[in-house]
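Participant: sequence? don't have it. structure:
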């Protein structure tokens with residue numbers, strides 16, 4: 001007895017990407033279901049809401065070879081199993097230093113400013129090198145930063161590049177649908193900190209950076225990929241710019257409850273306590289924040305990298321190793337990743353079937 005197509009689709013939507021790639025060969029009808037853009041969206045929503053579906057994408061430079069290595073780390077019982085990714089051939093040839101930005105619907109942006117930019121889905125080994133912007137640049141580019149998001153109205157992946165050009169910053173927008181860049185004509189209301197490492201995707205459509213407003217006060221700068229408008233969110237009142245000079249710093253990262261997470265911690269203390277603040281919406285004032293926890297003290301760690309699942313805090317220790325702190329039992333575990341100090345990057349990742357080498361028109 002054959003099952004109705006809607007039942008088959010529901011069953012397939014609950015399976016991992018690797019199984020679906022194999023199942024495309026079972027029959028033509030299954031292949032058509034799995035390739036359908038509507039199914040691709042449904043599958044990712046199902047996976048994203050499934051407990052235990054989060055993996056870690058770890059980016060580092062090998063101490064011995066100095067080559068870039070990106071690994072996918074997933075849980076297997078009480079252990080964490082790592083699988084090195086087959087990187088696109090251009091990866092080590094084009095990119096000297098590269099940052100991983102995202103993810104958004106399973107897509108990661110590889111950024112080696114200002115012209116080396118690519119989109120990559122490690123789940124299905126799909127990638128696209130973005131064309132170089134042809135917008136005239138009258139000032140020398142001293143650096144840059146980037147944002148990634150998904151416009152749900154036009155069903156389009158967008159990349160925003162902010163270029164540091166002396167006293168004036170330029171903003172350029174890339175659309176996957178048109179495969180082209182255009183100049184952003186709006187106003188940039190805050191300056192992203194130079195060499196800023198703290199940025200995040202919020203609810204797939206909004207990208208956030210730590211920045212400073214015109215009064216040189218630290219804020220969160222966010223950009224909505226749908227209406228293409230910037231917004232400023234003030235930080236909690238007890239966290240001032242002067243804290244940085246007193247040895248206190250902060251990081252932003254997404255939380256599982258679809259909240260903005262702000263991690264505040266001392267830079268120089270050998271035993272660090274990490275205060276966790278959350279805001280459930282952007283654009284609020286200082287009163288929109290709530291402190292929910294203090295993690296630690298944790299010995300011999302340098303900086304936070306991710307909050308994984310419900311109670312695991314991923315950090316870089318003082319030897320440049322990746323460690324995981326369990327907030328429930330307060331145990332710390334070495335995850336077996338070693339790289340150059342301050343060069344470890346971690347993204348909390350959920351797999352998807354979204355492709356960037358093919359432009360969807362009806363996602």
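Facilitator: Perfect, thanks for sending it. Remember, it's a predicted structure, so these values are computed and weren't measured experimentally.

Participant: which parts of the biggest helix by length in the chain are buried?
Facilitator: Longest helix in the chain, counting residues (DSSP state H): helix 37-48. Of all the residues in helix 37-48, those buried under the rule 16 or more other Cβ atoms under 10 Å are 37, 39-44, 47. The way it works is simple: take the backbone N, C-alpha and C, and place the C-beta from them, glycine included.

Participant: go on, stretch 110-123?
Facilitator: 110-111, 113-114, 116-123.

Participant: Pick out the most distant pair among those residues.
Facilitator: 114 and 123 (27.8 Å; Cβ to Cβ).

Participant: hey, where'd the helices end up in this structure?
Facilitator: 5-12, 17-23, 28-35, 37-48, 90-94, 242-245.

Participant: Burial-wise, tell me which of those helices comes out on top.
Facilitator: A comparison of those by mean neighbour count, using mean count of other Cβ atoms under 10 Å, puts helix 37-48 on top with a mean of 18.

Participant: So which other helices or strands are in contact with that helix?
Facilitator: Helix 37-48 sits against helix 5-12, with contacts defined as 3 or more Cβ pairs under 8 Å, 6 or more residues apart in numbering; DSSP states H and E.

Participant: helices or strands up against the helix it packs on?
Facilitator: Using 3+ Cβ pairs under 8 Å, 6+ apart: helix 5-12 touches helix 28-35, helix 37-48.

Participant: average pLDDT for the first one?
Facilitator: By that I understand helix 28-35. Taken as a whole, helix 28-35 carries a mean pLDDT of 86.

Participant: Need the pLDDT of the most centrally placed residue in the chain.
Facilitator: Centroid-nearest residue in the chain, with Cα atoms, centre = their mean: residue 102, separated by 2.5 Å. If you check residue 102, the pLDDT there is 88.

Participant: now do residue 342
Facilitator: For residue 342, the pLDDT comes out at 67.

Participant: ditto for the one 3 residues further on
Facilitator: The score at residue 345 is 86. That number is its pLDDT.

Participant: Report the separation between it and residue 310.
Facilitator: Between residue 345 and residue 310 the computed distance is 22 Å (Cβ to Cβ, to the nearest Å).

Participant: Of those two, give the one with the bigger neighbour count.
Facilitator: Neighbour count, other Cβ atoms under 10 Å: between residue 345 and residue 310, residue 345 has more, with 18 against 11.

Participant: That one against residue 61, yeah?
Facilitator: No: Residue 345 is beyond contact range of residue 61, at 10.1 Å (criterion: Cβ atoms under 8 Å).

Participant: Relative to residue 158, which of the helices of the chain is closest?
Facilitator: Distance to residue 158, taken as Cβ to Cβ, is lowest for helix 37-48 among those, at 16.7 Å.

Participant: any idea how far that closest one is from the chain center?
Facilitator: The chain centroid and the centroid of helix 37-48 are separated by 19 Å, computed with Cα atoms, centre = their mean, to the nearest Å.

Participant: How about stretch 313-329?
Facilitator: What separates the centre of stretch 313-329 from the centre of its chain is 19 Å, taken as Cα atoms, centre = their mean.

Participant: Next: stretch 199-216.
Facilitator: 12 Å.

Participant: That stretch: which residues count as buried?
Facilitator: Result for stretch 199-216 [16+ other Cβ under 10 Å]: buried residues 199-202, 204-211.
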